[in-house]
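>>> Quick check, what structure comes out for this input:
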Amino acid sequence: MKIATFNINNINRRLPNLLAWMRAAKPDVVALQELKASDGEFPAAAIEKAGYGAVWRGQKAWNGVAILARGTEPILTRDRLPGKPGDLEARYIEAAVRGIIVTSIYLPNGNPQPGPKFDYKLDWFARLKRHAGTFIKQDLPVVLAGDYNVAPDEIDIYPTRSWDKDALIQPASRAAFASLVEQGWCDAIRRLNPEKRIYTFWDYKRNRWPRDAGLRLDHLLLSPALASRLAKAGVDRKVRGKDGASDHAPAWIALR
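Numbers count the residues shown, from 1 in each chain. Coordinates of the predicted model:
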């Protein structure tokens, strides 16, 4: 079973890129972030024609998350993160697909920091950890997939000082990610590549894609009930180099 996460950065603008990648890679499940489309603007017909069922929660011009499943309909289990009923941003969705719960997470960026946006990021992280803890307690097979907007360690960002003040690499952001993983989650890509520099995001600015000046922001965390089934993990880097590409590339795992 192949499960991928992909910050598509505007699903309608990047739809040809998305469909071409799905035809080539044949993922069984895809968690999408940054749809930048309202619910009614989601390209459901094109996704269905490609052979995928879908659940989604859109938000016009911003945010938006979806889960696609090849040859079946994902069963929606939650379309927002619990803990703050007044938070209406479309950043979390989860669904059951073939006996596994898969999330699509678009964690807040948090810039500029310090400030209210960074506080929101850390609060959102705390809410995610509380919710994720319920999966651990119930020993459920879960993949927490998404764009976490955190490069967890120095190996997850190209050698530079230019991001030192950015929310993506602040000690508090990294500590929040580490605290989540320490509940018992397996960081799949890092588990299979403990010392390799692997990136999933290359900013459009400053020629960062040609220079391979990237960050690893997109993660797939496996619950203990799934970790032993991890067979492969990687990033489809070439997708980032296509015309009209998102600034992220798909990250994926394969389960036995």
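>>> Bridge partners for the residue minimising distance to the centre of the chain, pull those for me.
Centrality entry for the chain: nearest residue to the mean C-alpha point is residue 146, 1.4 Å, by C-alpha atoms, centre = their mean. Beta-bridge partners recorded for residue 146 (DSSP bridges): residue 105, residue 219.
>>> Residue 66 too?
Beta-bridge partners of residue 66, as defined by DSSP bridges: residue 32, residue 56.
>>> ok, residue 37 - contacts?
Under the criterion of C-beta atoms under 8 Å, 6 or more residues apart in numbering, the neighbours of residue 37 are 10, 11, 12, 58, 59, 60, 64. The C-beta positions use only the backbone N, C-alpha and C, and glycine is treated the same way.
>>> On the pLDDT front, check the fourth one for me.
Residue 58 is assigned a pLDDT of 98 by the prediction.
>>> That one: how many residues sit nearby?
Counted with other C-beta atoms under 10 Å, residues neighbouring residue 58 total 20.
>>> mind listing what residue 126 touches?
residue 176.
>>> Alpha carbons only: can I get the helix or strand containing it in CSV?
Assessed by DSSP states H and E, residue 126 sits inside helix 116-138. Output in CSV follows, covering the C-alpha atoms of helix 116-138 (Å, rounded to 0.1, in the frame of the first residue of the first chain):
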residue,chain,number,x,y,z
PRO,A,116,0.1,35.7,17.2
LYS,A,117,0.8,33.6,14.2
PHE,A,118,3.6,31.7,15.9
ASP,A,119,1.4,31.3,19.0
TYR,A,120,-1.3,29.8,16.8
LYS,A,121,1.2,27.4,15.3
LEU,A,122,2.3,26.1,18.7
ASP,A,123,-1.3,25.9,20.0
TRP,A,124,-2.3,24.0,16.8
PHE,A,125,0.6,21.6,17.4
ALA,A,126,-0.5,21.0,21.0
ARG,A,127,-4.1,20.2,19.8
LEU,A,128,-2.7,17.8,17.2
LYS,A,129,-0.6,16.0,19.9
ARG,A,130,-3.6,15.6,22.1
HIS,A,131,-5.7,14.2,19.2
ALA,A,132,-2.8,12.0,18.0
GLY,A,133,-2.5,10.6,21.6
THR,A,134,-6.0,9.1,21.3
PHE,A,135,-4.8,7.0,18.3
ILE,A,136,-1.8,5.8,20.3
LYS,A,137,-4.0,4.8,23.3
GLN,A,138,-6.4,2.9,21.1
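>>> Please state the offset of it from the chain centre?
15 Å (C-alpha atoms, centre = their mean, to the nearest Å).
>>> can you pull the buried residues of it?
Residues 118, 120, 121, 122, 124, 125, 127, 128, 129, 131, 132, 135 are the ones in helix 116-138 that count as buried (16 or more other C-beta atoms under 10 Å).
>>> Before we move on, what's the pLDDT of the third one?
The predicted structure scores residue 121 at 98 on the pLDDT scale.
>>> Once you drop chain neighbours, what's closest to it?
residue 110 (3.4 Å; C-beta to C-beta, 6 or more residues apart in numbering).
>>> which residues sit in contact with the one you found?
Residue 110 neighbours (C-beta under 8 Å, 6+ apart): 117, 118, 120, 121, 122, 149, 167, 168, 170, 173.
>>> Over to residue 245?
14, 17, 239.
>>> Residue 173 now?
110, 121, 122, 125, 149, 150, 167.
>>> Also residue 143?
Applying C-beta under 8 Å, 6+ apart, the residues near residue 143 are 3, 29, 100, 101, 102, 103, 220, 221, 222, 223, 226, 253.
>>> any idea which of the contacts of residue 37 is closest to residue 72?
Nearest to residue 72 among the contacts of residue 37 is residue 11, at 20.2 Å by C-beta to C-beta.
>>> Near that closest one, how many other residues are there?
26.
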